[in-house]
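>>> all I have is the shape, not the residue letters:
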């Protein structure tokens, strides 16, 4: 009824459709992994801040650093609005704000892929009186060699690891 070439064509089409279904499954799996990665990155950032606050608080007796929110519930990353964490000590504030990127991976602002983007702002009353709030950019990088939270210094444009040493430097600026 059908010619041999027509049957072969349909078989090829069927094989390609099967491959398409597999590609779709792989894409969905990769998307789900990225969504989980974003949730884990938010939790990692909060834990980094909580550890820093606990470390400093263990060394001081009269003033204490406060972290807000105190706890981060797994899966509570807000996809529609910025997420904000804040460290406060006697009116000296380090504020970390971040949000998801439009695409699962972006490479618009820096030369490595990232999936979360935001900023780190720090200020005290003296800076506010001068109408000055200092700010660095913040990224959750997903490149092969630089996976993790990174900041870009607003003045030098150099990238560094967002961690306890960086936070200590900001706090030193606020209390020094």
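All right, it came through fine. Since the structure is predicted, the reported quantities are computational estimates derived from the model, not experimental observations.

>>> and the pLDDT at residue 3?
In this model, residue 3 is scored at 69, pLDDT.

>>> check the one 5 residues further on too.
Predicted confidence (pLDDT) at residue 8: the value is 85.

>>> and for the one 5 residues further on?
What the model reports as pLDDT for residue 13 is 82.

>>> any idea how far the helix or strand encompassing it is from the chain center?
Applying DSSP states H and E as the criterion places residue 13 in helix 4-57. Centre-to-centre, helix 4-57 and its host chain are 17 Å apart (Cα atoms, centre = their mean, to the nearest Å).

>>> again with stretch 141-161
Taking Cα atoms, centre = their mean, one finds the center of stretch 141-161 at 11 Å from the center of the full chain.

>>> check the spacing between the residue lying closest to residue 46 once chain neighbours are set aside and residue 42 real quick.
Nearest non-adjacent residue to residue 46, counting by Cβ to Cβ, 6 or more residues apart in numbering: residue 72, 3.7 Å away. Bear in mind the C-beta positions are built from the backbone N, C-alpha and C, glycine included. Using Cβ to Cβ, to the nearest Å, residue 72 is found at 7 Å from residue 42.

>>> between the two, which has more neighbouring residues?
residue 42 (22 against 19; other Cβ atoms under 10 Å).

>>> please report phi then psi for the residue lying closest to that one once chain neighbours are set aside.
Sequence neighbours aside, residue 77 is the residue nearest to residue 42 in space, at 4.5 Å (criterion: Cβ to Cβ, 6+ apart). Dihedral pair for residue 77: phi -60, psi 130, per degrees, to the nearest 10.

>>> and what of residue 132?
With angles defined as degrees, to the nearest 10, residue 132 sits at phi -130, psi 120.

>>> just give me the neighbour total for it.
Neighbours of residue 132 (other Cβ under 10 Å): 11.
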